[in-house]
Each structure stands twice: as C-alpha cells, then as structure tokens.
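Participant: pasting the sequence and the predicted coordinates here, then a few questions.
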Amino acid sequence: MPQEFRVEFIPIFPKGGLSRFIGGPQRKQKAFLLAAKTYLNSVAGPQLKRDYKATVRGWNTTVRFSITKAIGGFEVGIVVAPNIGTLGGRIWSAIDEGTDDRPIQASTPAGLRYQRNYSAKTFGGSGSKSGAWVRRRIVPRWSIRPRNFTQRIAADNEDDIFFAIQRIFDSIY
C-alpha cells in the first residue's frame with residue numbers, strides 16, 4: 001500500500017461549546033467549506049502535484065498521481081497518491097517505501113540464465129555483460145532502501161496548507 005500525503009484540519013470550537021458554534025451560522029460553515037475547497041482545487045492541489053512530478057521528472061517511466069480532496073463537517077483534507085495500477089505507480093511505491101531482501105525463484109525447471117559479469121548502465125556510460133552463462137534456480141534480489149519522497153513533500157507543504165486553511169477559517173469566523 002503506498003504512503004499517502006494527507007493534511008487534515010479540525011478547528012477547535014470557540015467558547016460556548018459545540019451547540020453554540022453549530023446552532024447559528026450554517027451559512028458560515030458552508031462558506032468555510034466552499035473557500036477551503038476552492039483553495040485546495042486552485043492552489044494546494046496543483047502545488048502538490050507539481051512537487052510530485054518534479055520528483056519523477058528525470059525518470060524514464062511515467063507516473064500519474066491522483067489528488068483526492070476530503071471536505072465535510074469541519075474537516076478538510078487532501079490526499080495525493082500514485083496510480084498503483086500502472087507500472088510507474090508500482091515503481092514509485094517500491095522506491096518511495098523500499099523493498100525487502102528476498103530471492104527470485106525460477107518459474108521454469110530450466111532455471112534462470114544470466115552472464116556472470118555485469119555492470120549497470122550509468123549516466124554517461126554504458127552497461128555491459130560478459131563471462132560464462134550461469135543457470136540458477138534461485139537468485140538473490142537486493143533490497144531498495146526507502147527514499148521517503150512522500151514524507152519529504154509532506155514536510156515541505158504541510159505547514160503552508162494548514163496555515164492557509166487556518167486563515168480561511170479565521171476570516172469567516
């Protein structure tokens with residue numbers, strides 16, 4: 001399951017309690033939710049999507065992100081997540097969260113066949129393989145350490161979004 005960037009805002013009720021707060025101004029509640037939705041649609045959502053796309057700009061695989069806004073009552077939230085149904089989304093998830101060490105097992109009785117010497121293609125260089133061919137039933141797969149893109153993007157944006165929603169709330173109430 002991919003990590004989600006989530007910002008939630010739940011205001012503290014003023015003196016007089018919940019009944020006094022909800023009893024009178026339903027128009028204010030609707031105005032707050034409309035203003036918060038407008039902010040999420042026009043400012044926060046596009047900014048988050050730009051940050052996510054900037055992370056994958058140099059990748060060969062396309063990653064599509066979906067933005068979901070949760071607005072109801074006095075809770076405002078936004079969730080940005082990659083589309084896991086695509087190859088790019090699965091790659092994002094594996095790199096963002098990391099993978100564990102586990103063996104790759106051959107699906108055929110002949111086993112896995114590869115050349116002994118291999119060097120990966122790097123930026124400005126070329127990859128190569130040479131040496132004798134080897135057959136194995138099980139091959140180790142090394143883990144990928146988590147890069148935590150989601151946590152970094154959340155840390156960069158969470159305060160800005162929270163304080164913008166707080167300013168909207170304060171201007172209406």
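Facilitator: Good, I have the coordinates.

Participant: only C-alpha atoms for contact and neighbour calcs from this point on.
Facilitator: Noted.

Participant: quick one: furthest residue from the center of this structure?
Facilitator: A132 (42.3 Å; C-alpha atoms, centre = their mean).

Participant: is it true that that residue touches Y118?
Facilitator: No. Counting by C-alpha atoms under 8 Å, A132 does not reach Y118; the two are 11.0 Å apart.

Participant: do a quick rundown of the helices in the chain.
Facilitator: Here the chain has its helices, by DSSP state H, at 17-23, 26-39, 45-55, 87-97, 149-172.

Participant: okay, those helices, which one's buried deepest?
Facilitator: Most buried of those, by mean neighbour count (mean count of other C-alpha atoms under 10 Å): helix 87-97, with a mean of 19.

Participant: CA atoms only for that one - export them in PDB, please.
Facilitator: Taking Å, rounded to 0.1, in the frame of the first residue of the first chain, the C-alpha atoms of helix 87-97 are listed here in PDB:
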ATOM      1  CA  LEU A  87       4.000   0.400 -13.900                       C
ATOM      2  CA  GLY A  88       5.100   3.900 -12.900                       C
ATOM      3  CA  GLY A  89       2.900   3.800  -9.800                       C
ATOM      4  CA  ARG A  90       4.400   0.400  -8.700                       C
ATOM      5  CA  ILE A  91       7.900   1.700  -9.300                       C
ATOM      6  CA  TRP A  92       7.200   4.900  -7.300                       C
ATOM      7  CA  SER A  93       5.800   2.700  -4.500                       C
ATOM      8  CA  ALA A  94       8.900   0.400  -4.400                       C
ATOM      9  CA  ILE A  95      11.300   3.300  -4.500                       C
ATOM     10  CA  ASP A  96       9.400   5.500  -2.000                       C
ATOM     11  CA  GLU A  97       8.800   2.800   0.500                       C
END
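
Participant: on that earlier part again, V63: which of the helices of the chain is closest?
Facilitator: Of all the helices of the chain, helix 87-97 sits nearest to V63, with 4.4 Å by C-alpha to C-alpha.

Participant: how far does the closest one sit from the chain's center?
Facilitator: 10 Å (C-alpha atoms, centre = their mean, to the nearest Å).

Participant: cool, and stretch 51-63?
Facilitator: The chain centroid and the centroid of stretch 51-63 are separated by 12 Å under C-alpha atoms, centre = their mean.

Participant: how far does it stretch from start to finish?
Facilitator: 13 Å (C-alpha to C-alpha, to the nearest Å).

Participant: run through who's touching that stretch.
Facilitator: F65, P82, N83, T86, L87, G88, G89, W92, F149, I153 (C-alpha atoms under 8 Å, 6 or more residues apart in numbering).
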